[in-house]
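Colleague: The sequence isn't on hand, but the structure is:
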(Lines give C-alpha, C1' and ligand atoms only; values in the text may rest on other atoms or scores of the structure.)
Protein backbone atom coordinates (compact mmCIF):
# COMPACT_ATOMS: atom_id res chain seq x y z
CA UNK A 1 0.00 0.00 0.00
CA UNK A 2 1.48 3.40 -0.97
CA UNK A 3 2.30 5.81 1.82
CA UNK A 4 0.10 8.83 2.39
CA UNK A 5 1.45 12.21 1.17
CA UNK A 6 1.89 13.28 4.80
CA UNK A 7 4.13 10.29 5.51
CA UNK A 8 6.07 10.77 2.28
CA UNK A 9 6.80 14.40 3.19
CA UNK A 10 7.87 13.39 6.70
CA UNK A 11 10.17 10.73 5.27
CA UNK A 12 11.73 13.17 2.80
CA UNK A 13 12.45 15.63 5.61
CA UNK A 14 14.24 12.82 7.45
CA UNK A 15 16.50 11.82 4.52
CA UNK A 16 20.21 11.87 5.33
CA UNK A 17 23.20 11.22 3.06
CA UNK A 18 24.31 7.57 3.11
CA UNK A 19 27.09 6.60 5.50
CA UNK A 20 29.11 5.28 2.58
CA UNK A 21 29.05 6.30 -1.05
CA UNK A 22 27.72 3.50 -3.21
CA UNK A 23 27.76 4.27 -6.95
CA UNK A 24 24.70 2.95 -8.76
CA UNK A 25 25.31 4.94 -11.96
CA UNK A 26 28.41 5.90 -13.88
CA UNK A 27 28.25 9.52 -15.01
CA UNK A 28 25.57 12.10 -14.20
CA UNK A 29 25.14 15.46 -15.95
CA UNK A 30 23.31 18.33 -14.23
CA UNK A 31 22.15 21.08 -16.60
CA UNK A 32 22.08 24.30 -14.60
CA UNK A 33 24.19 25.50 -11.67
CA UNK A 34 21.30 26.94 -9.69
CA UNK A 35 20.70 26.06 -6.05
CA UNK A 36 18.50 23.18 -7.22
CA UNK A 37 21.22 22.01 -9.60
CA UNK A 38 23.93 22.18 -6.96
CA UNK A 39 21.84 20.30 -4.41
CA UNK A 40 21.13 17.63 -7.03
CA UNK A 41 24.86 17.41 -7.75
CA UNK A 42 25.54 17.01 -4.03
CA UNK A 43 23.17 14.05 -3.86
CA UNK A 44 24.50 12.54 -7.07
CA UNK A 45 28.05 12.63 -5.69
CA UNK A 46 26.97 9.85 -3.31
CA UNK A 47 25.53 7.62 -6.04
CA UNK A 48 27.46 8.38 -9.25
CA UNK A 49 31.07 7.73 -10.14
CA UNK A 50 31.31 11.26 -11.57
CA UNK A 51 29.08 14.33 -11.82
CA UNK A 52 29.34 17.15 -14.37
CA UNK A 53 27.49 20.45 -13.88
CA UNK A 54 26.89 22.39 -17.11
CA UNK A 55 26.02 26.09 -16.95
CA UNK A 56 26.40 29.16 -19.15
CA UNK A 57 27.94 31.05 -16.20
CA UNK A 58 31.43 30.31 -14.94
CA UNK A 59 30.56 28.58 -11.67
CA UNK A 60 34.07 29.09 -10.32
CA UNK A 61 33.43 32.84 -10.11
CA UNK A 62 31.92 34.11 -6.85
CA UNK A 63 29.29 36.84 -6.40
CA UNK A 64 26.20 37.64 -8.46
CA UNK A 65 25.55 35.43 -11.49
CA UNK A 66 24.00 36.75 -14.74
CA UNK A 67 21.91 33.58 -14.86
CA UNK A 68 20.09 34.56 -11.66
CA UNK A 69 18.27 37.82 -12.54
CA UNK A 70 16.44 37.82 -9.19
CA UNK A 71 19.66 37.22 -7.27
CA UNK A 72 19.81 40.82 -6.05
CA UNK A 73 16.42 40.50 -4.35
CA UNK A 74 15.77 39.43 -0.79
CA UNK A 75 15.64 35.64 -0.32
CA UNK A 76 14.25 33.74 2.64
CA UNK A 77 15.81 30.52 3.89
CA UNK A 78 12.95 28.84 5.72
CA UNK A 79 13.82 26.72 8.77
CA UNK A 80 12.91 23.58 6.83
CA UNK A 81 15.36 24.43 4.07
CA UNK A 82 18.05 25.33 6.60
CA UNK A 83 17.70 21.91 8.25
CA UNK A 84 18.01 20.21 4.85
CA UNK A 85 21.22 22.12 4.11
CA UNK A 86 22.63 21.03 7.46
CA UNK A 87 21.89 17.42 6.52
CA UNK A 88 23.63 17.73 3.15
CA UNK A 89 26.50 19.90 4.36
CA UNK A 90 27.38 19.22 8.00
CA UNK A 91 28.70 22.40 9.61
CA UNK A 92 26.88 24.63 7.09
CA UNK A 93 25.72 26.97 9.87
CA UNK A 94 29.22 27.56 11.24
CA UNK A 95 30.67 28.13 7.78
CA UNK A 96 27.86 30.49 6.80
CA UNK A 97 28.22 32.55 9.99
CA UNK A 98 32.00 32.68 9.51
CA UNK A 99 31.42 34.19 6.05
CA UNK A 100 28.97 36.78 7.32
CA UNK A 101 25.52 35.16 7.46
CA UNK A 102 23.42 36.19 10.43
CA UNK A 103 21.78 33.66 12.73
CA UNK A 104 18.00 33.98 13.06
CA UNK A 105 16.73 31.98 16.04
CA UNK A 106 12.99 32.23 16.85
CA UNK A 107 13.49 35.11 19.31
CA UNK A 108 15.23 37.15 16.58
CA UNK A 109 12.40 36.75 14.06
CA UNK A 110 9.41 39.08 14.11
CA UNK A 111 6.32 38.85 11.99
CA UNK A 112 3.33 41.16 11.59
CA UNK A 113 -0.08 40.58 10.03
CA UNK A 114 -2.00 43.74 9.14
CA UNK A 115 0.08 45.63 11.70
CA UNK A 116 -0.45 43.13 14.54
CA UNK A 117 2.70 41.49 15.86
CA UNK A 118 2.49 37.70 15.87
CA UNK A 119 3.46 35.55 18.83
CA UNK A 120 6.95 34.04 19.00
CA UNK A 121 7.11 30.27 18.75
CA UNK A 122 9.91 29.50 21.23
CA UNK A 123 10.73 25.96 20.10
CA UNK A 124 10.67 26.68 16.37
CA UNK A 125 13.73 25.80 14.27
CA UNK A 126 16.58 28.24 13.70
CA UNK A 127 17.34 29.81 10.35
CA UNK A 128 19.93 32.06 8.69
CA UNK A 129 19.82 35.46 7.01
CA UNK A 130 22.10 36.40 4.13
CA UNK A 131 22.05 37.53 0.51
CA UNK A 132 21.36 35.08 -2.31
CA UNK A 133 24.97 35.30 -3.62
CA UNK A 134 26.30 34.40 -0.16
CA UNK A 135 23.98 31.42 0.43
CA UNK A 136 24.27 30.12 -3.13
CA UNK A 137 28.03 30.66 -3.07
CA UNK A 138 28.39 28.61 0.11
CA UNK A 139 26.42 25.74 -1.40
CA UNK A 140 28.47 25.90 -4.59
CA UNK A 141 31.76 25.94 -2.65
CA UNK A 142 30.83 22.82 -0.73
CA UNK A 143 29.66 20.96 -3.84
CA UNK A 144 32.64 21.86 -6.01
CA UNK A 145 35.04 20.62 -3.35
CA UNK A 146 33.71 17.11 -3.84
CA UNK A 147 36.31 15.03 -5.70
CA UNK A 148 33.88 13.55 -8.23
CA UNK A 149 32.08 16.80 -9.17
CA UNK A 150 33.32 18.96 -12.07
CA UNK A 151 31.90 21.91 -14.01
CA UNK A 152 31.99 23.13 -17.59
CA UNK A 153 30.96 26.53 -18.91
CA UNK A 154 28.70 25.73 -21.84
CA UNK A 155 25.20 26.21 -23.25
CA UNK A 156 23.10 23.05 -23.35
CA UNK A 157 21.21 22.74 -26.64
CA UNK A 158 19.38 19.40 -26.60
CA UNK A 159 19.12 15.76 -25.59
CA UNK A 160 20.96 12.77 -27.00
CA UNK A 161 18.83 9.62 -27.02
CA UNK A 162 19.43 5.98 -27.77
CA UNK A 163 15.98 4.53 -28.27
CA UNK A 164 13.98 5.13 -25.08
CA UNK A 165 16.98 6.20 -22.99
CA UNK A 166 18.59 9.64 -22.70
CA UNK A 167 22.33 9.11 -23.02
CA UNK A 168 23.60 12.68 -22.81
CA UNK A 169 23.16 16.30 -23.84
CA UNK A 170 24.30 18.39 -26.76
CA UNK A 171 26.09 21.55 -25.81
CA UNK A 172 27.89 24.57 -27.22
CA UNK A 173 31.28 25.32 -25.67
CA UNK A 174 32.71 28.60 -26.94
CA UNK A 175 31.00 28.18 -30.31
CA UNK A 176 32.05 24.53 -30.67
CA UNK A 177 29.32 21.88 -30.70
CA UNK A 178 29.87 18.89 -28.48
CA UNK A 179 28.21 16.07 -26.56
CA UNK A 180 28.40 15.23 -22.86
CA UNK A 181 27.45 11.59 -22.35
CA UNK A 182 25.67 10.48 -19.18
CA UNK A 183 23.78 7.73 -17.43
CA UNK A 184 21.43 10.30 -15.88
CA UNK A 185 20.61 13.86 -16.99
CA UNK A 186 19.17 16.27 -14.42
CA UNK A 187 17.32 19.32 -15.76
CA UNK A 188 17.91 22.25 -13.38
CA UNK A 189 17.45 25.03 -15.94
CA UNK A 190 14.89 26.97 -13.92
CA UNK A 191 11.58 28.57 -14.89
CA UNK A 192 12.58 28.95 -18.51
CA UNK A 193 13.78 25.36 -18.88
CA UNK A 194 13.89 24.21 -22.50
CA UNK A 195 13.45 20.55 -21.63
CA UNK A 196 9.85 20.48 -22.89
CA UNK A 197 11.02 21.60 -26.34
CA UNK A 198 13.84 19.07 -26.32
CA UNK A 199 11.47 16.23 -25.43
CA UNK A 200 9.12 17.20 -28.24
CA UNK A 201 11.99 17.46 -30.73
CA UNK A 202 13.09 13.96 -29.73
CA UNK A 203 9.58 12.56 -30.32
CA UNK A 204 8.37 12.51 -26.70
CA UNK A 205 5.43 14.19 -24.99
CA UNK A 206 5.62 17.69 -23.59
CA UNK A 207 4.59 17.92 -19.93
CA UNK A 208 1.44 19.95 -19.29
CA UNK A 209 2.31 23.48 -18.16
CA UNK A 210 0.03 25.08 -15.59
CA UNK A 211 0.23 28.80 -14.94
CA UNK A 212 -1.33 31.13 -12.40
CA UNK A 213 -0.92 34.80 -13.24
CA UNK A 214 0.01 36.79 -10.13
CA UNK A 215 1.77 39.90 -11.54
CA UNK A 216 3.92 40.48 -8.48
CA UNK A 217 6.31 43.43 -8.42
CA UNK A 218 8.97 43.70 -5.79
CA UNK A 219 11.84 46.00 -4.97
CA UNK A 220 14.88 45.51 -2.75
CA UNK A 221 17.31 48.01 -1.24
CA UNK A 222 20.35 47.76 1.01
CA UNK A 223 20.91 49.98 4.04
CA UNK A 224 23.90 50.38 6.32
CA UNK A 225 23.48 48.47 9.59
CA UNK A 226 25.26 50.18 12.48
CA UNK A 227 24.16 47.46 14.93
CA UNK A 228 26.68 44.62 15.08
CA UNK A 229 24.31 42.38 17.03
CA UNK A 230 20.71 43.47 16.35
CA UNK A 231 17.92 42.19 18.55
CA UNK A 232 15.79 41.24 15.53
CA UNK A 233 17.52 39.85 12.44
CA UNK A 234 14.47 38.90 10.35
CA UNK A 235 11.33 41.08 10.34
CA UNK A 236 8.35 40.54 8.04
CA UNK A 237 5.02 42.34 7.69
CA UNK A 238 2.16 41.16 5.49
CA UNK A 239 -1.06 42.91 4.52
CA UNK A 240 -4.04 40.70 3.79
CA UNK A 241 -6.17 41.55 0.73
CA UNK A 242 -8.95 42.73 3.07
CA UNK A 243 -6.82 45.72 4.09
CA UNK A 244 -6.80 46.91 0.47
CA UNK A 245 -3.23 48.19 0.80
CA UNK A 246 -1.30 48.85 -2.38
CA UNK A 247 1.67 47.14 -0.71
CA UNK A 248 1.27 43.40 -0.18
CA UNK A 249 4.08 43.23 2.32
CA UNK A 250 7.59 44.15 3.30
CA UNK A 251 10.52 42.54 5.07
CA UNK A 252 14.04 43.30 6.13
CA UNK A 253 16.88 40.95 7.05
CA UNK A 254 20.27 41.53 8.64
CA UNK A 255 22.79 40.35 6.05
CA UNK A 256 26.56 40.15 5.71
CA UNK A 257 28.94 43.11 5.61
CA UNK A 258 27.00 45.18 8.13
CA UNK A 259 23.91 45.73 5.99
CA UNK A 260 20.15 45.54 6.16
CA UNK A 261 18.37 44.18 3.10
CA UNK A 262 14.81 45.45 2.80
CA UNK A 263 12.10 44.43 0.34
CA UNK A 264 8.53 45.46 -0.44
CA UNK A 265 6.06 44.01 -2.90
CA UNK A 266 2.81 44.89 -4.64
CA UNK A 267 0.52 43.34 -7.24
CA UNK A 268 -0.56 44.35 -10.76
CA UNK A 269 -0.01 48.08 -11.32
CA UNK A 270 1.15 48.65 -7.75
CA UNK A 271 4.93 48.92 -7.90
CA UNK A 272 5.92 50.31 -4.52
CA UNK A 273 9.45 51.39 -3.73
CA UNK A 274 10.76 51.89 -7.25
CA UNK A 275 12.58 55.07 -6.19
CA UNK A 276 14.66 55.64 -3.07
CA UNK A 277 12.28 58.35 -1.81
CA UNK A 278 9.19 56.18 -2.31
CA UNK A 279 10.93 53.21 -0.69
CA UNK A 280 11.84 55.18 2.44
CA UNK A 281 8.43 56.87 2.68
CA UNK A 282 6.49 53.63 2.54
CA UNK A 283 8.72 51.94 5.11
CA UNK A 284 8.01 54.82 7.49
CA UNK A 285 4.29 55.26 6.81
CA UNK A 286 2.89 51.83 6.00
CA UNK A 287 4.70 49.45 8.34
CA UNK A 288 5.58 49.01 12.03
CA UNK A 289 8.20 51.32 13.62
CA UNK A 290 11.15 48.95 13.00
CA UNK A 291 10.75 49.56 9.27
CA UNK A 292 10.93 53.31 9.76
CA UNK A 293 14.16 52.89 11.69
CA UNK A 294 15.68 51.00 8.76
CA UNK A 295 14.61 53.79 6.40
CA UNK A 296 16.60 56.25 8.51
CA UNK A 297 19.91 54.53 7.73
CA UNK A 298 22.11 55.26 4.74
CA UNK A 299 20.93 53.55 1.57
CA UNK A 300 23.70 51.65 -0.18
CA UNK A 301 23.34 51.68 -3.94
CA UNK A 302 20.11 51.90 -5.87
CA UNK A 303 16.75 50.19 -5.52
CA UNK A 304 16.64 46.94 -7.52
CA UNK A 305 13.29 45.81 -8.94
CA UNK A 306 11.97 42.53 -10.32
CA UNK A 307 8.66 41.31 -11.73
CA UNK A 308 7.22 37.84 -11.25
CA UNK A 309 4.45 37.43 -13.81
CA UNK A 310 3.18 33.97 -12.95
CA UNK A 311 3.67 30.78 -11.01
CA UNK A 312 4.40 27.74 -13.18
CA UNK A 313 4.17 23.99 -12.85
CA UNK A 314 5.18 21.26 -15.28
CA UNK A 315 3.49 17.91 -14.61
CA UNK A 316 6.21 15.43 -15.53
CA UNK A 317 4.61 12.82 -13.28
CA UNK A 318 1.53 12.69 -15.52
CA UNK A 319 3.33 11.87 -18.77
CA UNK A 320 2.40 8.51 -20.24
CA UNK A 321 5.61 8.31 -22.29
CA UNK A 322 8.88 9.52 -20.86
CA UNK A 323 12.47 8.47 -21.56
CA UNK A 324 14.72 6.78 -19.03
CA UNK A 325 17.84 8.53 -17.77
CA UNK A 326 16.19 11.91 -17.20
CA UNK A 327 14.73 13.88 -14.26
CA UNK A 328 13.93 17.52 -13.59
CA UNK A 329 14.28 19.55 -10.37
CA UNK A 330 13.69 22.96 -8.83
CA UNK A 331 11.98 25.79 -10.70
CA UNK A 332 12.17 23.74 -13.90
CA UNK A 333 9.35 21.69 -12.37
CA UNK A 334 7.52 24.28 -10.29
CA UNK A 335 8.20 27.91 -9.43
CA UNK A 336 6.00 29.73 -6.95
CA UNK A 337 5.19 33.26 -5.87
CA UNK A 338 8.51 34.31 -4.24
CA UNK A 339 6.69 36.17 -1.46
CA UNK A 340 6.32 32.84 0.36
CA UNK A 341 10.05 32.04 0.27
CA UNK A 342 9.63 28.35 -0.65
CA UNK A 343 12.14 28.08 -3.49
CA UNK A 344 15.31 26.92 -1.71
CA UNK A 345 13.38 24.63 0.65
CA UNK A 346 11.49 23.00 -2.22
CA UNK A 347 14.76 22.49 -4.11
CA UNK A 348 16.27 20.79 -1.06
CA UNK A 349 13.30 18.43 -0.84
CA UNK A 350 13.64 17.64 -4.56
CA UNK A 351 17.21 16.61 -3.73
CA UNK A 352 15.81 14.37 -0.97
CA UNK A 353 13.51 12.77 -3.58
CA UNK A 354 16.52 12.12 -5.80
CA UNK A 355 18.45 10.57 -2.91
CA UNK A 356 15.53 8.30 -2.03
CA UNK A 357 15.12 7.22 -5.65
CA UNK A 358 18.80 6.43 -6.17
CA UNK A 359 19.13 4.69 -2.82
CA UNK A 360 16.57 2.13 -4.00
CA UNK A 361 18.83 1.07 -6.89
CA UNK A 362 16.58 1.94 -9.86
CA UNK A 363 16.68 0.19 -13.22
CA UNK A 364 18.47 2.68 -15.55
CA UNK A 365 16.56 1.36 -18.56
CA UNK A 366 13.21 2.51 -17.12
CA UNK A 367 11.76 6.02 -16.68
CA UNK A 368 12.28 7.57 -13.22
CA UNK A 369 8.60 7.38 -12.29
CA UNK A 370 9.37 6.63 -8.65
CA UNK A 371 11.31 9.92 -8.46
CA UNK A 372 8.50 11.93 -10.04
CA UNK A 373 5.92 10.34 -7.74
CA UNK A 374 7.94 11.43 -4.70
CA UNK A 375 8.52 14.86 -6.17
CA UNK A 376 4.81 15.31 -6.86
CA UNK A 377 4.13 15.22 -3.11
CA UNK A 378 6.51 18.14 -2.55
CA UNK A 379 5.20 20.09 -5.53
CA UNK A 380 1.56 19.50 -4.56
CA UNK A 381 2.18 20.88 -1.06
CA UNK A 382 4.07 23.99 -2.11
CA UNK A 383 1.79 24.66 -5.10
CA UNK A 384 -1.44 24.31 -3.13
CA UNK A 385 -0.25 26.63 -0.36
CA UNK A 386 1.08 29.37 -2.63
CA UNK A 387 -1.74 29.31 -5.17
CA UNK A 388 -4.43 29.19 -2.48
CA UNK A 389 -2.96 32.32 -0.96
CA UNK A 390 -2.68 33.94 -4.40
CA UNK A 391 -6.34 33.22 -5.14
CA UNK A 392 -7.25 35.48 -2.21
CA UNK A 393 -5.88 38.43 -4.18
CA UNK A 394 -8.70 40.34 -5.92
CA UNK A 395 -6.93 40.40 -9.30
CA UNK A 396 -6.25 36.63 -9.45
CA UNK A 397 -9.05 34.86 -11.25
CA UNK A 398 -8.71 31.10 -10.81
CA UNK A 399 -8.57 28.35 -11.58
CA UNK A 400 -10.20 27.56 -8.25
CA UNK A 401 -9.78 24.06 -6.81
CA UNK A 402 -12.78 22.09 -5.65
CA UNK A 403 -13.98 23.26 -2.23
CA UNK A 404 -11.92 26.44 -2.42
CA UNK A 405 -14.53 28.70 -0.80
CA UNK A 406 -14.77 26.56 2.34
CA UNK A 407 -11.05 25.76 2.57
CA UNK A 408 -10.10 29.42 2.16
CA UNK A 409 -12.47 30.39 5.00
CA UNK A 410 -10.76 27.90 7.32
CA UNK A 411 -7.33 29.02 6.11
CA UNK A 412 -8.09 32.63 6.97
CA UNK A 413 -9.20 31.62 10.46
CA UNK A 414 -5.98 29.66 11.03
CA UNK A 415 -3.78 32.48 9.74
CA UNK A 416 -5.66 34.89 12.01
CA UNK A 417 -5.02 32.60 15.00
CA UNK A 418 -1.26 32.57 14.34
CA UNK A 419 -1.17 36.17 15.59
CA UNK A 420 -2.09 35.24 19.17
CA UNK A 421 -1.97 31.46 19.62
CA UNK A 422 1.41 29.73 19.98
CA UNK A 423 0.07 26.24 19.26
CA UNK A 424 -1.57 27.27 15.98
CA UNK A 425 1.46 29.34 14.99
CA UNK A 426 3.79 26.40 15.60
CA UNK A 427 1.75 24.08 13.40
CA UNK A 428 1.38 26.75 10.73
CA UNK A 429 5.14 27.44 10.68
CA UNK A 430 5.87 23.73 10.26
CA UNK A 431 3.57 23.60 7.25
CA UNK A 432 4.91 26.78 5.64
CA UNK A 433 8.46 25.44 6.06
CA UNK A 434 7.41 22.28 4.16
CA UNK A 435 8.27 20.15 7.19
CA UNK A 436 4.69 18.98 7.79
CA UNK A 437 1.85 18.31 5.35
CA UNK A 438 -0.96 20.93 5.22
CA UNK A 439 -3.48 18.23 6.14
CA UNK A 440 -2.24 18.58 9.71
CA UNK A 441 -3.99 21.96 9.83
CA UNK A 442 -7.33 20.48 8.77
CA UNK A 443 -7.94 18.35 11.87
CA UNK A 444 -10.93 19.24 14.07
CA UNK A 445 -8.66 19.91 17.06
CA UNK A 446 -6.53 22.43 15.15
CA UNK A 447 -9.50 24.20 13.57
CA UNK A 448 -11.42 24.43 16.85
CA UNK A 449 -8.29 25.61 18.64
CA UNK A 450 -7.86 28.37 16.07
CA UNK A 451 -11.49 29.47 16.34
CA UNK A 452 -11.25 29.59 20.14
CA UNK A 453 -8.04 31.62 19.95
CA UNK A 454 -9.67 34.12 17.62
CA UNK A 455 -12.66 34.48 19.96
CA UNK A 456 -10.35 35.13 22.91
CA UNK A 457 -8.39 37.70 20.94
CA UNK A 458 -11.56 39.58 20.08
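Modeller: Looks like it arrived, so ask away. The model shown is predicted, which means the values in this text are computed figures rather than measured ones. Residues are numbered from 1 along each chain as shown.
Colleague: Got the domain ranges for this structure?
Modeller: Split into domains by automatic domain parsing, the chain comes to 5-86+136-210+310-389, 101-127+213-309, 402-457.
Colleague: With residue 395 as the reference, name the closest of those domains.
Modeller: Nearest of the domains of the chain to residue 395, taken as Cβ to Cβ: domain 101-127+213-309 at 5.1 Å. C-betas here are computed from N, CA, C, even on glycine.
Colleague: Endpoint to endpoint, that closest one covers what distance?
Modeller: Domain 101-127+213-309 has an end-to-end distance of 30 Å (criterion: Cα to Cα, to the nearest Å).
Colleague: still on that earlier bit, what would the domains of the chain look like in TSV with distance to residue 94 and mean pLDDT?
Modeller: Output for the domains of the chain, formatted as TSV (distance: least, Cβ to Cβ, whole Å; pLDDT from 0 to 100):
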stretch	distance to residue 94	mean pLDDT
domain 5-86+136-210+310-389	10	93
domain 101-127+213-309	10	93
domain 402-457	21	93
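Colleague: could you redo the ones you listed as TSV and give each row distance to residue 395 and mean neighbour count?
Modeller: Formatted as TSV, those follow (distance: least, Cβ to Cβ, whole Å; neighbours: other Cβ atoms under 10 Å):
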stretch	distance to residue 395	mean neighbour count
domain 5-86+136-210+310-389	12	20
domain 101-127+213-309	5	18
domain 402-457	16	17
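Colleague: Between the ones you listed, which one is closest to residue 95.
Modeller: domain 5-86+136-210+310-389 (6.3 Å).
Colleague: just to revisit the earlier point, out of the domains of the chain, nearest to residue 93?
Modeller: When the domains of the chain are compared (using Cβ to Cβ), the closest one is domain 5-86+136-210+310-389, at 6.4 Å.
Colleague: from the middle of its chain, how far away would the closest one be?
Modeller: Offset of domain 5-86+136-210+310-389 from its chain centre (Cα atoms, centre = their mean, to the nearest Å): 13 Å.
Colleague: Equivalent analysis for stretch 418-428, please.
Modeller: Centre to centre, stretch against its chain (Cα atoms, centre = their mean), the figure for stretch 418-428 is 23 Å.
Colleague: go on, stretch 300-318?
Modeller: Worked out by Cα atoms, centre = their mean, stretch 300-318 lies 11 Å from the chain centre.
Colleague: Quick check: the residue lying closest to residue 208 once chain neighbours are set aside vs residue 386, distance?
Modeller: Excluding the flanking residues, the one nearest residue 208 by Cβ to Cβ, 6 or more residues apart in numbering is residue 315, at 4.7 Å. Going from residue 315 to residue 386 by Cβ to Cβ, to the nearest Å gives 16 Å.
Colleague: and what of residue 104?
Modeller: From residue 104 to residue 386 the distance is 22 Å (Cβ to Cβ).
Colleague: now swap in residue 369 and tell me
Modeller: For residue 369 relative to residue 386 (Cβ to Cβ), the value is 25 Å.
Colleague: And for residue 324?
Modeller: In terms of Cβ to Cβ, residue 324 sits 31 Å off from residue 386.
Colleague: Repeat that for residue 229.
Modeller: Residue 229 is 34 Å from residue 386, by Cβ to Cβ.
Colleague: Over to residue 257?
Modeller: Taken as Cβ to Cβ, the span from residue 257 to residue 386 is 31 Å.
Colleague: what do you get for residue 299?
Modeller: 31 Å.
Colleague: Same check on residue 233?
Modeller: Taken as Cβ to Cβ, the span from residue 233 to residue 386 is 25 Å.
Colleague: One more: residue 49?
Modeller: Relative to residue 386, and taking Cβ to Cβ, residue 49 is found at 38 Å.
Colleague: go on, residue 397?
Modeller: 16 Å.
Colleague: try residue 298
Modeller: 35 Å.
Colleague: for residue 58, same thing?
Modeller: Distance from residue 58 to residue 386, by Cβ to Cβ: 33 Å.
Colleague: Residue 17 is in contact with residue 87, isn't it?
Modeller: Yes: shown here, residue 17 and residue 87 form a contact pair, counting by Cβ atoms under 8 Å, at 7.0 Å.
Colleague: Phi, psi for the residue nearest the centre of the chain please.
Modeller: The structure's the chain has its C-alpha centroid closest to residue 343; by Cα atoms, centre = their mean the separation is 0.8 Å. Main-chain torsions, residue 343, degrees, to the nearest 10: phi -60, psi -50.
Colleague: same thing with residue 82?
Modeller: phi -60, psi -40.
Colleague: Can I take it that residue 6 is in a helix?
Modeller: Yes: according to DSSP: H, G, I helix; E, B strand; the rest coil, residue 6 belongs to a helix.
Colleague: For it, which residues are in contact?
Modeller: 436-437, 439-440 (Cβ atoms under 8 Å, 6 or more residues apart in numbering).
Colleague: Among the residues you listed, which pair sits farthest apart?
Modeller: Largest separation among the contacts of residue 6 by Cβ to Cβ: 436 and 439, giving 8.8 Å.
Colleague: which other helices and strands contact the longest helix along the chain?
Modeller: Assignment by DSSP state H gives helix 369-391 as the longest helix of the chain. When contacts are defined as 3 or more Cβ pairs under 8 Å, 6 or more residues apart in numbering; DSSP states H and E, helix 369-391 sits against helix 5-13, strand 209-224, strand 299-314, strand 334-335, helix 343-359, helix 404-417.
Colleague: which residue ranges form the helices in this protein?
Modeller: For the chain, the helices defined by DSSP H cover 5-13, 35-47, 79-88, 92-98, 132-144, 195-201, 276-286, 289-295, 343-359, 369-391, 404-417, 422-432, 444-457.
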